[in-house]
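Asker: when you get a sec, could you give me coordinates for this:
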Amino acid sequence: MKYILLSLLIAGMSACSSKPLDVNYYLLSPPQLVEQPSKNNKTQLVKVNKIVLADYLKQSSIVMQINENKMYFSRRDVWAESLESAITNALLSDLNQNSTTQYTSYQGVDGNAASSELTLQIDHFHATDKSTVISSGRYWLSTPNSQQKIEKTFYFSLSLKQDGYSHAISQQRELLRLLAQDIQQQLASLLVTLNNNDI
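Answerer: Residues are numbered from 1 along each chain as shown. Presented below is the predicted three-dimensional model:
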């Protein structure tokens, strides 16, 4: 009788053991051939400081907002790289598209060589249960040689037309393109102000 109970217990425990969790890894920007911009065409250099992420974005799980204040962290769907690095690389790529300004990471430029600085804080960057993706935060543009500075809050939202994380992440990538356009416009405005002050 003792052996029968032991056999049943072992069989029950093995039946209860769960299979390993399948994990899906996602890239914010898929690998692609990027043409290096000609530095001869660039009129100024902007140093992009280290991005400040909200604490809940500093982990690998992909996040979804449920209701107004509940966040769901997926254990099965995770970022393939740190979100800080992914956002920095995507934003630098977008900022340098069709621009006469060279945007570069704080790691790759001498601070004295930059004519302007960009500091970015991201408070929200996730999908929601309302079939949207959102991005919000603030950024600062400043020029070391003058007192001119722009501080701007931003909020961007796009609809989700398909189910699944792949589509949501593609839309999050679009949010960064919108942010890059906004930053470029604000920098152009700052430069116009500086030029007018010099006259």
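Asker: distance between the longest helix anywhere in the chain and the chain's centre?
Answerer: In terms of residue count, the longest helix belonging to the chain (DSSP state H) is helix 165-198. Computed by CA atoms, centre = their mean, to the nearest Å, the chain-centroid distance of helix 165-198 equals 13 Å.
Asker: any buried residues in that helix, and which?
Answerer: Buried positions in helix 165-198, judged by neighbour count with 16 or more other CB atoms under 10 Å: 165, 168-173, 175-177, 179-180, 183-184, 186-187, 190-191. In short, each C-beta sits where N, CA and C put it, glycine included.
Asker: please apply the same query to stretch 117-127.
Answerer: For stretch 117-127, burial by neighbour count (16+ other CB under 10 Å) applies to 117, 118, 119, 120, 122, 123, 124, 125, 126, 127.
Asker: any chance of those in a markdown table with distance to residue 141, pLDDT and secondary structure as columns?
Answerer: Below are the buried residues of stretch 117-127 laid out as a markdown table (distance: CB to CB, whole Å; pLDDT from 0 to 100; DSSP: H, G, I helix; E, B strand; the rest coil):
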| residue | distance to residue 141 | pLDDT | secondary structure |
| --- | --- | --- | --- |
| 117 | 7 | 91 | strand |
| 118 | 6 | 93 | strand |
| 119 | 8 | 95 | strand |
| 120 | 10 | 97 | strand |
| 122 | 16 | 98 | strand |
| 123 | 18 | 97 | strand |
| 124 | 21 | 97 | strand |
| 125 | 20 | 97 | strand |
| 126 | 25 | 97 | strand |
| 127 | 29 | 96 | strand |
